[in-house]
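Okay, sequence plus prediction incoming.
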2 protein chains.
Amino acid sequence: MMRQAGRFLPEYRKVRAKTTFLELCRTPELAAEVTVQPIDRLDVDAAILFSDILVVFDAMDVKVDFRPGPVVENPVRTAADVKRLRFGDPGDDVGYVMDAVRACKKALDDRVPLIGFCGAPFTTASYLVEGESSRDFVNIKRLIFSEPALFGRLMEDMSDLLARYLLAQIDAGVDAVQIFDSWAGALSPEDYARHVLPHTQTLVSRVKNAGVPVILFARGNANILGLSAQAGADVLGIDWSIGMSDAIDVVGEETVVQGNLDPMLLLGSPDLLRERALAVVEAGRRAKGHIFNLGHGISKFTDPEMARLLVDTVHGA
Amino acid sequence: MMRQAGRFLPEYRKVRAKTTFLELCRTPELAAEVTVQPIDRLDVDAAILFSDILVVFDAMDVKVDFRPGPVVENPVRTAADVKRLRFGDPGDDVGYVMDAVRACKKALDDRVPLIGFCGAPFTTASYLVEGESSRDFVNIKRLIFSEPALFGRLMEDMSDLLARYLLAQIDAGVDAVQIFDSWAGALSPEDYARHVLPHTQTLVSRVKNAGVPVILFARGNANILGLSAQAGADVLGIDWSIGMSDAIDVVGEETVVQGNLDPMLLLGSPDLLRERALAVVEAGRRAKGHIFNLGHGISKFTDPEMARLLVDTVHGA
């Protein structure tokens, strides 16, 4: 479940109370501790590394703070800003993530696989340029529409950095990697195809031969689902904005899908949760493979008992 | 152009500097003045009443402030909150909007038609329950998923209030009405069909026989476009998240469409703006009718000259 190691778990809040979000990401023992917590509590079938897509900025000397949403100290706005960027060595500069991976693998002791992740080039670049979560993406779109070549170079460098970041995670022991394109839906299908997809394809192809499955989750506009299916990932994450059956129609039955229950159903009645979860399971049977998941991150308001009920329901289906 | 009477115009900022946003909405002479401003400056083919979808809360004794986003003083969260709501008489309680309509009609002197509007039942109810703009809509979804009958009653009362609000605007003289379902994309297609569409249908059918065209703009998830086409509106607004040609495939060539240029293209190069605007015009020719528009509100960072270039480009196509 997306964000399964998170604020809805009392045991997470207990660890988090002692430190900041960023320090938690940067302290391998603590990151491993919270990564493993949901395995026991929820009986989920995989661990998802506790981290954040923006810690990779430590390999770029870009400072980011969480209040609680991410805020970049000096957002990249001009051509000069872009040219000044450093694209370092994630294996070293974000070495604490690889240490966390090794600590997780030890703590998990092969009970379940471990999933590593990164932000997709567009989503990472969007945070870099917008400086924070955005509604209208005015700065990144201005860059794309006024200086497309400059944006393209930024995306190339970003893709290269992220490929090396994922390869370092795989080297350290993750069993699968997920690429989160959380802001892909900020663009029209035409602009996604022209300015984003080629770079996502590059990233996927660079990590695909490293021996672990690659999951791509392009969120926020199911109209780009068909395009994101062309990125070459082994598994496609589906968000809740489209019915699972319709999503399979779009990406084809030969694709392995992941998703896509609306996480807010965990805040409703147990009967409705069971009914809707089973409907997703049934719809997913038509695909070549289906990894049940939420269609977005779990809410911090979720009762852990409801999350467990969901896992048990899916296991029993 | 959506939000054509707004912050990107210096003459708007001049009026706005003397008052608050809410007072501007509530002062018919000033609202009429800014409504008419873009007609001269941009040569657009219609005036859009300057107002806000949330002023209708004045007919419910619900206090809302703009900082600059809307913040509701006491969001509706419990069953008791819902039952305590008053659904008044918009014709009286929001009478300043009808006065603004009459002032606009006088100032426009039949040069161009005037479009009135309201929020759709779901979007209006979402603000009422969330209390402000939301990313995850946790409160309204909790209400839908845990107390669907209570939510249904709220939507019924809201639809009735909004129907009377639009009818009052039509009585006062608007030549068309637009229903903004800005947050429709917060729901999966299944939940939109079950919990929202029937109420939007009620609202549309109540105003449809009043003699003016009804435009429905359900934004944020083009996967509900096919469903929103069932609401019975005369014109369907299309947001930028789907290609215009694909949108026409979804809603059918017998539908009149409105849209759908990404407004951020106004921040890019003039050549790209022209190219993309003409592509939308061309794609729209296949529909029974096409009202060129942006696919979302114009950005406050837009150079008015670029907005004028867009209008001239479309007029020349």
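Ah, there it is. Numbers count the residues shown, from 1 in each chain, chains lettered A, B, ... in the order given.

Okay, buried residues for the top helix by length along chain A please.
What stands out as the longest helix in chain A, according to DSSP state H, is helix A:148-172. Neighbour counts over helix A:148-172 (16 or more other C-beta atoms under 10 Å in any protein chain shown) mark A:151, A:154-155, A:157-170, A:172 as buried. C-beta here means a position set from N, CA and C on the backbone, and glycine is covered the same way.

Please apply the same query to stretch A:32-51.
Residues of stretch A:32-51 classed as buried: A:32-39, A:41-42, A:44, A:46-51 (neighbour count, 16+ other C-beta under 10 Å).

again with stretch A:256-263
A:256-263.

Distance from that stretch to the middle of the chain?
13 Å (C-alpha atoms, centre = their mean, to the nearest Å).

Next: stretch A:123-134.
Chain-centre distance of stretch A:123-134: 15 Å, with C-alpha atoms, centre = their mean.

Just the buried positions in it, please.
Buried residues in stretch A:123-134, counting neighbours by 16+ other C-beta under 10 Å, are found at A:123-131, A:134.

re earlier: quick check: next helix or strand after the longest helix of chain A?
strand A:176-181 (DSSP states H and E).

For that next one, name the packing helices and strands.
Other elements packing on strand A:176-181 under the criterion 3 or more C-beta pairs under 8 Å, 6 or more residues apart in numbering or on different chains; DSSP states H and E are strand A:114-119, helix A:121-130, helix A:148-172, helix A:197-208, strand A:214-218.

Chain B: which of the ones you listed is closest?
helix A:148-172 (8.3 Å; C-beta to the nearest C-beta).

I'd like to know how far the spatially most central residue of chain A sits from chain B.
Of all residues in chain A, the one closest to the mean position by C-alpha atoms, centre = their mean is A:Phe180, 3.3 Å from it. Distance check for A:Phe180 against chain B: by C-beta to the nearest C-beta, to the nearest Å, it reads 16 Å.

and if you look at A:Asp234?
24 Å.

who's in contact with that residue?
A:208, A:213-215, A:256 (C-beta atoms under 8 Å, 6 or more residues apart in numbering or on different chains).

what's the lowest-pLDDT member of the buried residues of stretch A:123-134?
Lowest pLDDT within the buried residues of stretch A:123-134 is found at A:Ser134 (89).

re earlier: tell me which of the helices and strands packed on strand A:176-181 lies nearest to B:Leu227.
Nearest to B:Leu227, of all the helices and strands packed on strand A:176-181, is strand A:214-218, at 22.5 Å by C-beta to C-beta.

give me the residue from the stretch 151-300 of chain A nearest chain B.
Closest contact between the stretch 151-300 of chain A and chain B, by C-beta to the nearest C-beta, is at A:Gly268 (2.6 Å).

pLDDT score for that residue?
So, for A:Gly268, pLDDT stands at 97.

A:Asn223 too?
Per-residue pLDDT puts A:Asn223 at 85.

That one: how many residues sit nearby?
24 (other C-beta atoms under 10 Å in any protein chain shown).

Make sure A:Arg164 is actually in contact with A:Pro90.
Yes: when contacts are counted by C-beta atoms under 8 Å, A:Arg164 is listed as touching A:Pro90 (5.5 Å).

what about the residue nearest to A:Gly185 when sequence neighbours are not counted, how many neighbours?
Leaving aside its sequence neighbours, A:Gly185 sits nearest to A:Gly220 (C-beta to C-beta, 6 or more residues apart in numbering or on different chains; 2.3 Å). Counted with other C-beta under 10 Å, the neighbours of A:Gly220 add up to 21.

All set, thanks.
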